[in-house]
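Asker: Can you look at this prediction? I've put the sequence above it.
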Amino acid sequence: MVRPRIVPRDFYLDAPDVVARGLLGKLLVRRYESGPHTKPQRLAGRIVEVEAYFGVDDPAAHTFAGKTARNAVLFGPPGFAYVYFIYGMYFCLNISCEPDGKPGGVLLRALEPVEGLDTMARLRGLDSTAKPRLLTSGPGRLCQALGVVRDTHNGIDVTRLRSGLHVEDDGFVPEEIAVSTRVGIRKAADRPLRFAIAGNRFVSR
DNA sequence: GGAGCGATGTCCT
DNA sequence: GGACATCGCTCCG
């Protein structure tokens, strides 16, 4: 392992499938403050499952029908969080990629929890003895475990420490990447754009 | 352990 | 009005 370093904006300039593969093994880190007088805590998980969404020629992408108020972040510069509300209950987190003006993003689907598991369990409404797998295996679950919500996090820069949500590289490199089709979509459901660390227990489903 | 299904808010057709 | 990049519960094997 290397001294952890924040993943720079250049990393996110590439096409969604390239960025998606590259994100596997990186750490998603949240600086979480439970109250005004408590000191911030690090919540961190290793990214083990992602999906790529192309901007224009991908019918499954939120950006397929053009720019709207909701998806504007995906049309902006790379390295920003796109958080949206789904099924009336959950949030999902993407990171924008491609140059400014060209839409594209990567959905984070599962983490292997690394730091702050107790707090993650509490935020998920689970007992601290709950199986770690229930904390962050799934796009809605990982947002809940890290306290990621749209009001606070949509549009923030994940290449800045002060954002409170960033991605860092500690040198971990996955041995093998498993490729499959994306989960939970109807359109373009046959495209091989889901990537996961092969054999990792924290991959969803 | 897996299929089926209801909950529930926001956005665009 | 319908679809939705989900989850957790029930029921069945």
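Answerer: That came through, no problem. Numbers count the residues shown, from 1 in each chain, chains lettered A, B, ... in the order given.
Asker: Tell me where chain A has helices.
Answerer: A:16-23, A:72-75, A:117-123, A:133-136, A:139-146, A:150-153 (DSSP state H).
Asker: buried set for the fourth one?
Answerer: Looking back up the chat, that one is helix A:133-136. Going by neighbour count (16 or more other CB atoms under 10 Å), the buried part of helix A:133-136 is A:Arg133, A:Leu135, A:Thr136. All C-beta atoms are positioned from the backbone trio N, CA, C, and that covers glycine.
Asker: Closest one of the residues you listed to DNA strand B?
Answerer: Among the buried residues of helix A:133-136, A:Arg133 lies closest to DNA strand B (CB to the nearest atom of the strand), at 11.2 Å.
Asker: from the buried residues of helix A:133-136, which is closest to A:Val48?
Answerer: A:Thr136 (8.9 Å; CB to CB).
Asker: Pretty sure that closest one sits against A:Pro113.
Answerer: Yes. Using CB atoms under 8 Å, A:Thr136 is in contact with A:Pro113, at 5.2 Å.
Asker: For these two, list the residues in contact with both.
Answerer: Shared contacts of A:Thr136 and A:Pro113 (CB atoms under 8 Å, 6 or more residues apart in numbering): A:Gly45, A:Met120, A:Ala145, A:Phe202.
Asker: Return the backbone torsion pair for the residue sitting furthest away from the middle of chain A.
Answerer: What lies farthest from the middle of chain A is A:His37; by CA atoms, centre = their mean that is 28.4 Å. In terms of degrees, to the nearest 10, the main-chain angles of A:His37 are phi -110, psi 10.
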